[in-house]
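Colleague: Okay, sequence plus prediction incoming.
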Amino acid sequence: MGGGQAVVAREILVEKATFGAGCFWGVEAAFQDRPGVIETAVGYSGGTWEKPTYQDVCSGTTGHAEVVQIQFDPTIITYETLLDIFWNCHDPTTLNRQGPDVGSQYRSAIFYHTPQQEELAGRSKQQREAEGRFPRPIVTQIESAVDFWRAEEYHQRYLEKHGMKSCHGPGQI
């Protein structure tokens, strides 16, 4: 750069958020192009097996949920905004089901990474329940983010790779 102009680089802060809200392809699509979202990855959390495969998780025996893990810059997009996207991208009142997808791997879950995320997730759930927006009680689980197992590469950004906008047809979440 000429003219003696100084360039000040902004430090990028990176935090993680992990959500289960049904088929991870659609959940990833809901988050991936938002300003402040640095990276998304689909995978499995909340189960008992190490390094589960998609087939393992689909068997319903591992206890894992299909999730999206988000790396984000909290100075651009807040965790609260991510929670709003989460609540709006699925039906948090159906136990182990989203649209035509049935099984515990499709459960509604927030996997928190910090005590602050746990508090914000709990408060957000209580707020949604108090609003009465949903016709049934919210069944979303709030759990500590212990392990995240990245799904097979063909699952990453699946909808984008296949020119699709949604996992399901009209009228389905």
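Modeller: Received the coordinates, thanks.

Colleague: Quick check, T48 in contact with T62.
Modeller: Yes - using CB atoms under 8 Å, T48 is in contact with T62, at 6.4 Å. Every residue, glycine included, has its C-beta placed from N, CA and C.

Colleague: residue ranges for the helices of the protein, please.
Modeller: Assignment of helices within the chain using DSSP state H yields the ranges 24-31, 54-58, 79-88, 115-131, 158-161.

Colleague: mind checking which of those helices is nearest V146?
Modeller: helix 115-131 (13.0 Å; CB to CB).

Colleague: is it true that T75 touches L13?
Modeller: Yes - the pair T75 / L13 is scored as a contact, 5.7 Å apart, by CB under 8 Å.

Colleague: For V42, give its distance to H155.
Modeller: 5 Å (CB to CB, to the nearest Å).

Colleague: So if I had to pick from T48 and T62, which one is more boxed in?
Modeller: T62 (20 against 10; other CB atoms under 10 Å).

Colleague: Next up, the contacts around that one.
Modeller: For T62, the contact set (CB atoms under 8 Å, 6 or more residues apart in numbering) comprises 44, 47-49, 52, 56, 105.

Colleague: Measure how buried N88 is and give me the count.
Modeller: 11.

Colleague: Let me know the distance separating it from A130.
Modeller: N88 is 17 Å from A130, by CB to CB.

Colleague: and if you look at R10?
Modeller: 37 Å.

Colleague: Which among the contacts of T62 count as buried?
Modeller: With burial judged by 16 or more other CB atoms under 10 Å, the buried subset of the contacts of T62 is 44, 47, 49, 52, 56, 105.

Colleague: which of the residues you listed lies closest to V146?
Modeller: Nearest member of the buried ones among the contacts of T62 to V146, counting by CB to CB, is G47, at 9.6 Å.

Colleague: which ones are touching that closest one?
Modeller: 57, 62-65, 147.

Colleague: For it, give its distance to Y54.
Modeller: Distance from G47 to Y54, by CB to CB: 13 Å.

Colleague: For stretch 65-79, list the C-alpha coordinates in PDB.
Modeller: Output of stretch 65-79 as PDB, limited to C-alpha atoms (Å, rounded to 0.1, in the frame of the first residue of the first chain):
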ATOM      1  CA  ALA A  65     -28.600 -36.900  17.000                       C
ATOM      2  CA  GLU A  66     -27.900 -35.500  13.500                       C
ATOM      3  CA  VAL A  67     -26.400 -32.100  14.200                       C
ATOM      4  CA  VAL A  68     -24.800 -29.100  12.600                       C
ATOM      5  CA  GLN A  69     -21.800 -27.500  14.300                       C
ATOM      6  CA  ILE A  70     -21.300 -23.900  13.500                       C
ATOM      7  CA  GLN A  71     -18.200 -21.800  13.900                       C
ATOM      8  CA  PHE A  72     -19.200 -18.200  14.100                       C
ATOM      9  CA  ASP A  73     -17.900 -14.700  14.900                       C
ATOM     10  CA  PRO A  74     -20.000 -13.400  17.800                       C
ATOM     11  CA  THR A  75     -19.100  -9.800  16.900                       C
ATOM     12  CA  ILE A  76     -21.100 -10.300  13.700                       C
ATOM     13  CA  ILE A  77     -23.800 -12.800  14.600                       C
ATOM     14  CA  THR A  78     -24.800 -13.500  18.200                       C
ATOM     15  CA  TYR A  79     -25.600 -16.800  19.800                       C
END
